[in-house]
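Asker: Sequence first, then the predicted structure, then my questions.
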Amino acid sequence: MDQPMYPAATKEIAKRREELAPEILNTFRAFSHQVFAEGALPSKTKELIALAVAHVTQCPYCIRSHTSRARLRGASAKEIMEAIWVAAEMRAGGAISHSALAIDTMQEEESKKSA
């Protein structure tokens, strides 16, 4: 298997994306620019949040992009790694909290057997 799972983000792919839906892409770019602008949260913090979310959603392109953008906005390697650990905890926390579904199901099945 010589082909990578994810193709490189090339200029050709970007051009094709723009050709297929230019208005939507331009709207998305404007939205993205506004979201990451300085506001109540500094841009660096927003990039660290985006980096953590990218790890939860497991988007390799977003991980690379937001790592670079966080560094450009002054995030240290330690801040980036801490954001990744927050993502890991949140992902694990979701599994733990959703265990309530499995426990509830087992209790329902046990109740049916007892009845």
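Answerer: Here it is on my side, so go on. Numbering: from 1, shown residues only.

Asker: what about this structure, any weak spots by pLDDT?
Answerer: Confidence mapping of the chain against pLDDT under 70 gives the ranges 1.

Asker: All the helices of it, residue numbers only.
Answerer: 11-20, 22-35, 43-57, 60-72, 77-114 (DSSP state H).

Asker: Make CSV out of these and add mean neighbour count and distance to residue 5.
Answerer: Placement of C-beta: from N, CA and C, glycine included. As requested, the helices of the chain are exported to CSV (neighbours: other CB atoms under 10 Å; distance: least, CB to CB, whole Å):
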stretch, mean neighbour count, distance to residue 5
helix 11-20, 10, 15
helix 22-35, 10, 24
helix 43-57, 19, 16
helix 60-72, 16, 8
helix 77-114, 11, 20
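
Asker: Nearest to residue 4 among the ones you listed would be which one?
Answerer: helix 60-72 (9.8 Å; CB to CB).

Asker: and that closest one, what other elements does it pack with?
Answerer: On a contact count with 3 or more CB pairs under 8 Å, 6 or more residues apart in numbering; DSSP states H and E, helix 60-72 meets helix 43-57, helix 77-114.

Asker: go with 6 Å
Answerer: Using 3 or more CB pairs under 6 Å, 6 or more residues apart in numbering; DSSP states H and E as the contact test, the elements touching helix 60-72 are helix 43-57.

Asker: show me the contacts for the residue most central in space within the chain.
Answerer: Nearest residue to the geometric centre of the chain (CA atoms, centre = their mean): residue 54, 2.1 Å. Counting by CB atoms under 6 Å, 6 or more residues apart in numbering, residue 54 touches 62-63, 66.
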